[in-house]
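[1] starting from these lines, generate the structure:
(3 chains)
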Amino acid sequence: MVKNAPILIPVVYLTACLVIALIRPRFRHFAYPVTLVAVSLASAISIGMLCLVIQYGIMRYQFGGWVPPIGIEYVIDPLSGFVLVVINAVACLVLIHSLNVNKVEMDQRLVPYYAVVMLFMLGLNGMVLTGDFFNLFVFLEISSLAAYGLIAVGSKGSAFAAFRYLILGTVGASLYLLGLGFLYLKTGSLNMADLAAIIPFVQPQKDPALIIALVLMTTGICIKMAIVPLHGWLPDAYTLAPSVTSSLIAPIGTKVAAYVLIRMLFGVYGVDVISREFPITFVLGWLAAAGIIYGSVMAIAQTELKRMLAYSSVAQVGYIGLGISMANPLGLIGAVLHVLNHAVMKACLFLVAANLRIQTGHSDISRFDHTYRVKMPWTMAAFTVAAISMIGLPPLAGFFSKWYLALGAIENSQWIFLGVILVSSLLNAVYFFRIIEKVYMKSPGDHAAKEEPAVKFGSVEPALSMLVPTIVFAVLLIGLGLFNALIVTRLILPMLPPGM
Amino acid sequence: MNDLTYISYIPLWAVLVSLAAVPLILMSSRKPNLRETWTLLAAGIKFLLVFSLLPGALEGKSAVIGLLEISPGVDLALKADPFGVFFALISSGLWMFTSIYSIGYMRGNREHKQTRYFASFAVCLSATIGIAFSANLLTFIIFYEILTIATYPLVIHKETREAIRGGRQYLLYTLTAGLLLIAAAAWTYMATGSMEFKAGGFFEGTELSSAAMTTLFFLFLGGVGVKAGIMPLHSWLPTAMVAPTPVSALLHAVAVVKAGVFGVIRVVGFVFGPEVMAAHGLNIILAVFAATTIILASLLAFKQENLKRRLAYSTVGHLSYIVLGAALLTPSGFTGGLMHIATHATMKITLFFCAGAIYINLHRENISQLNGIAKIMPWTMAAFVIGSLGLAGVPPVNGFVSKWYLAMGALEADQLVVLGIFILSGLLNAGYFFPIIHRAYFRKGEGLKGHKEASALMVVPLVATALLSVLIGLRPDLFFHIFELAGGIARSITGVVP
Amino acid sequence: MESILGHYVYWVIIALLCIGLYAIMFKKNLVKQVIGLSIFQTSVILFWVSSAVKWNATVPIYDPAYPLETTALYINPLPHTLMLTAIVVGVATLGVAFALLIIIFRRHRTLNEDKLIENMKEW
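    Below you'll find the predicted structure:
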């Protein structure tokens, strides 16, 4: 059982996908419980596996008994175990939250929607689990195709947003495949561990093919990760997608791409190649820094909550990119910790946006006022906590990832990056306090001057199935902040690649 | 662990007690009396807890408690060293007065959202005590930022357009400061591998160039200097005057600005240390900023027509007394600066209480409207006179004692310019306070009929703080041993017996 | 000259890549963009396929005429099989793309990118 554990998660998701797809429209409401069972099972398995990996070391699963590098293998090491827990646990809470949201937003399409959600999760999990670069490509496409579908069922413009994502995403995946072609031609292997052993002998600094492979693959992944200037698909896709999709994709979609990037740069090519012999991290760092500032400034300019959060995602992914680009232990700790922290923060914020949409029918910042706080105190409290964490004030989680990033920047004497990290905190404060100010202080009377009526509140807080996950995320943020040292020493330090 | 430290949970309880009061305050929002009981109870317990740390502090011992590892190698740790106890004693002691006064003020003014007010107030105090007892820079930053956030609802309490603007400016300044402090702490950690506060500093033997050292010092100065109101970083302070008066009192006398000054001394005495400061000429930078601030702020105070704004500028000036005292790097300078934290706190809180009492009672806030009010508010104005005399440095009010030591420190350091600044600014202080007293006592007032002295809930605290000021002036070592404590801290920083 | 002619396959692939990218970036009609995307993918697939082509070699099935020691006479099957998967993925992508196009056309009655972006501001 334990030996076969790595394969269990894909099996669970695939089975759930098939089971859901078989549900008749009349019984469509059964799709939700099946989804929940699958995702909670997957979360439990991934937590269990992480514990095992921490205790006993790396787990491998060889398909059909074929020994790599011939066969495909699944590898769970501390890094992939960690990311698995993050994506499955966050998805679990988001999907619990989805019950009422989906009833409102896509009542007739519940069955195909949840089936595609399962495919999406399968793709993401597969990307994290696999130890084979081509297998990774396949899972990447599975998750992407599912994501296009999940986005396209949203508001009127969502199909076009999904189409643009599809074009960019497929170009990214093709570039990745092209790069992989070069890598395979030179090394004759697709297995990550095998490649890591081969590459030092091929001496990438003398072989342009390997460098081309590195550049093409990194570019492909960066499109998925939405590193500026390859972020064009993200804002529309996140904004126009249905609430559940955006709260599902925003926290975990880009994170898996970040994981792949870490795996490729540090796990396969190695620190020496990427930071000294061919400093691709230099370019990545500047792009990430530009993305942090650009995303934050654009977020300030938005008047719609989901779009603002989308641009903020562009900025936050920049943090992860920045941490990776530092290529030192502290920066990498910051990046990996930010994968976790940002997933929780963004999930919390998107759930708040979903709550607002369900309860009031909109998430337009200019219409927020004091009544929102009075009627939905818990939702707004969760928003405030997540916002403060996004700004990066201690002792909330967001502060600590920035803290490690700042330490990493200082270690590399990258003073401009240090400045970027600090300035973006201020910019975050601008766009979040703008909302907090409105929600806590603007009197609803101010609407009288405008034509739009103040929103009528049907019920007060959203249903418990929506409220509880939102609050759990907010509480998690405090917990993750206070116990971040535990996470760093127990989980993140063991995953640092050798040579750091 | 050496014989100068002992493990004790008291610092933790002292931090948590007012935090524990927050849910109670929130839950009893419908019953004002019960709600205020919680506030007072927390204030009392907190003060007693801090007071119980005093004997240890007088012997130079520190109560320490490590809570949890917050970052690898760095604990979220509390350490009640003499300096921390000193600051905590002042804050928690004056919180009691402020709490009583707040109740009178808020009820007298029928303010809205009193529950939020008292809850934020309690969080503020927790954060302040946390700052006082922080054992390392990271813990300090955490409480420093909590203080920033918790003060925000107080600053914008009135929710008017002006208040919101003031709140924005406050946040802009303090958040920026927080970020600079984070950068400084991160750099310090990378350079020294330590963030633990240590009397005399922990920077010795690091290989930073003088330029890097200066940059780092400026980062620190930007971080703590904003809250300490060092010019040109002071302008949030007068703007934040839109807050209710007890908040101003708290901002200006007890918590926020004192946290800033406390931070400056922590940086000077416990991070860099006098020797490193002097070696890189950092004390001169600090002294120049502080001296400029003292003179400019005193001059600007003349221009202020609004009583609270005039007090605000006076605060800006007096904070820099403390900073300047520390910048002298002599035992008497530190002693005087530390004493001034305490003495300025009691005097300025008295003055703000008076301003608030006048506002609630007569709805007047401009100085020109104060003609003849001494006749109807004799107690309030008497307290005001004591407070302003003290700030001008007239004995026997406590302001004299601290200024005396500051002057001694200037002489010890052979800085006659600094001495001149102290004397000049004392005269300026007298200059901007005297007209107020003159109007109140010797001019004929209008429209004062039918008004009486403010409510007892406000008058008693302000008279009490005024009396406290005189008492500390006459017998600094009575009850709280402030002088002894300050001397001990100065010795531990400089390593010299004064 | 040798290096240009000798690698003519690569030049064809690069040309295809550029044509595909051009269509994706500059064509206003969404269907044409999809066509460009398809060309782009095909060029990548061709790159892989061509990489495993060998003259005077045979399929990787054991043949007594080619002793096992002479592995150079067998073609490496892996890139080709991998590309089977990639082609399937590409077809699936095309399917999703056309499905999206149908939805877009139903919702907006146009497939012109400029008009769609113009409309986008109103949503």
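
[2] where in chain B is pLDDT low?
    Where chain B drops to pLDDT under 70, the residues are B:1-3, B:251-254, B:478-480, B:496-498.

[3] residue in it with the shortest distance to chain C?
    B:Arg168 (30.4 Å; C-beta to the nearest C-beta). All C-beta spots, glycine's among them, are computed from the backbone N, C-alpha and C.

[4] so that residue sits in a strand?
    No - B:Arg168 is assigned helix when assessed by DSSP: H, G, I helix; E, B strand; the rest coil, not a strand.

[5] tally of neighbours for it?
    Per other C-beta atoms under 10 Å in any protein chain shown, the neighbour tally for B:Arg168 reads 20.

[6] repeat for B:Lys303
    Other residues within reach of B:Lys303 by the criterion other C-beta under 10 Å amount to 10.

[7] what does the one 4 residues further on give?
    B:Leu307 sits with 25 neighbouring residues when counted by other C-beta under 10 Å.

[8] again, but for B:Val288
    B:Val288 has 12 neighbours, counted by other C-beta under 10 Å.

[9] likewise for B:Ser28?
    17.

[10] before we move on, the earlier item: what residues are up against the residue of chain B closest to chain C?
    A:Phe433, A:Glu437 (C-beta atoms under 8 Å, 6 or more residues apart in numbering or on different chains).

[11] next, give phi and psi for residue 153.
    Looking at chain A here, since you left the chain open. phi -90, psi 10 (degrees, to the nearest 10).

[12] that's the other chain; I wanted chain B
    For B:Pro153, the backbone dihedrals are phi -60, psi -30 (criterion: degrees, to the nearest 10).

[13] for chain A, what are the nearby residues on chain C?
    Counting by C-beta under 8 Å from any C-beta of the partner chain, the residues of chain C lying close to chain A are C:21, C:24, C:30, C:33-34, C:37, C:40-41, C:44, C:47-48, C:51, C:79, C:82, C:85-86, C:89, C:92-93, C:96-97, C:100-101, C:103-104, C:107-108, C:116, C:119-120, C:123.

[14] relative to B:Ser99, how far out is the spatially closest residue to B:Asn371 that is not a sequence neighbour?
    Among residues not flanking B:Asn371 along the chain, B:Arg443 sits closest, at 3.9 Å (C-beta to C-beta, 6 or more residues apart in numbering or on different chains). Distance of B:Arg443 to B:Ser99, given as C-beta to C-beta, to the nearest Å: 34 Å.

[15] repeat for B:Ala355
    Computed as C-beta to C-beta, the B:Ala355 to B:Ser99 distance reads 18 Å.

[16] what is the neighbour count of residue 95?
    No chain specified, so I'll use chain A. 24.

[17] oops, I was thinking of chain C
    Residues near C:Gly95, counting by other C-beta under 10 Å, number 11.

[18] may I have the phi/psi pair for it?
    C:Gly95 adopts backbone torsions of phi -60, psi -50, taken as degrees, to the nearest 10.

[19] what do you get for B:Val459?
    phi -70, psi -40.

[20] check contacts around it.
    B:Ala357, B:Trp379, B:Thr380, B:Glu453.

[21] can you pick the most crowded of these?
    The most crowded member of those, judged by other C-beta under 10 Å, is B:Ala357 (29 neighbours).

[22] so that one is in contact with B:Leu462, correct?
    Yes - applying C-beta atoms under 8 Å, one finds B:Ala357 in contact with B:Leu462, separated by 6.4 Å.

[23] in whatever helix or strand A:Gln55 lives in, what's buried?
    Assigned by DSSP states H and E, A:Gln55 falls within helix A:31-56. By neighbour count on 16 or more other C-beta atoms under 10 Å in any protein chain shown, the buried set for helix A:31-56 is A:31-32, A:34-36, A:38-43, A:45-46, A:49-50, A:53.

[24] residues in the stretch 151-300 of chain A within reach of chain C, list them.
    Taking C-beta under 8 Å from any C-beta as the criterion, the neighbours of chain C within the stretch 151-300 of chain A are A:152, A:155-157, A:159-160, A:162-163, A:166-167, A:170-171, A:174, A:177-178, A:181, A:184-185, A:236, A:240.

[25] which residues of chain B fall in strands?
    B:5-7, B:62-71, B:74-80 (DSSP state E).

[26] ramachandran coordinates for C:Ala52?
    As for C:Ala52, its main-chain torsions (degrees, to the nearest 10) stand at phi -110, psi 10.

[27] cool, A:Gln62 as well?
    Taking degrees, to the nearest 10 as the convention, A:Gln62 sits at phi -100, psi 130.

[28] next up, the contacts around it.
    A:Pro68, A:Gly71, A:Ile72, A:Glu73.

[29] tell me the confidence at it?
    A:Gln62 is assigned a predicted lDDT (pLDDT) of 89.

[30] what of A:Ser313?
    A:Ser313 is assigned 93 on the pLDDT scale.

[31] what helix or strand is it located in?
    helix A:305-326.

[32] mind giving me the packing neighbours of the helix or strand that that helix is followed by?
    The helix or strand immediately downstream of helix A:305-326 is helix A:329-360, counting by DSSP H and E. On a contact count with 3 or more C-beta pairs under 8 Å, 6 or more residues apart in numbering or on different chains; DSSP states H and E, helix A:329-360 meets helix A:78-105, helix A:243-262, helix A:305-326, helix A:370-375, helix A:377-391, helix A:397-411, helix A:464-482, helix A:484-487.

[33] what do B:Ala357 and B:Leu462 both touch?
    Common neighbours of B:Ala357 and B:Leu462 (criterion: C-beta under 8 Å, 6+ apart): B:Thr380.

[34] how far away is the residue positioned nearest the centre of chain C from chain B?
    Among the residues of chain C, C:Thr42 comes closest to the average C-alpha position under C-alpha atoms, centre = their mean, at 1.6 Å. C:Thr42 is 50 Å from chain B, where distance means C-beta to the nearest C-beta, to the nearest Å.

[35] isn't that residue up against C:Leu16?
    Yes - C:Thr42 is within contact range of C:Leu16, at 6.6 Å (criterion: C-beta under 8 Å).

[36] where along chain C do the helices fall?
    C:2-6, C:8-26, C:30-51, C:78-108, C:113-120 (DSSP state H).

[37] dump those to TSV, plus mean pLDDT.
    Formatted as TSV, the helices of chain C follow (pLDDT from 0 to 100):
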stretch	mean pLDDT
helix C:2-6	70
helix C:8-26	92
helix C:30-51	93
helix C:78-108	93
helix C:113-120	83
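
[38] looking at those helices, which is nearest to B:Leu424?
    When these are compared by C-beta to C-beta, helix C:113-120 sits nearest B:Leu424, at 66.2 Å.
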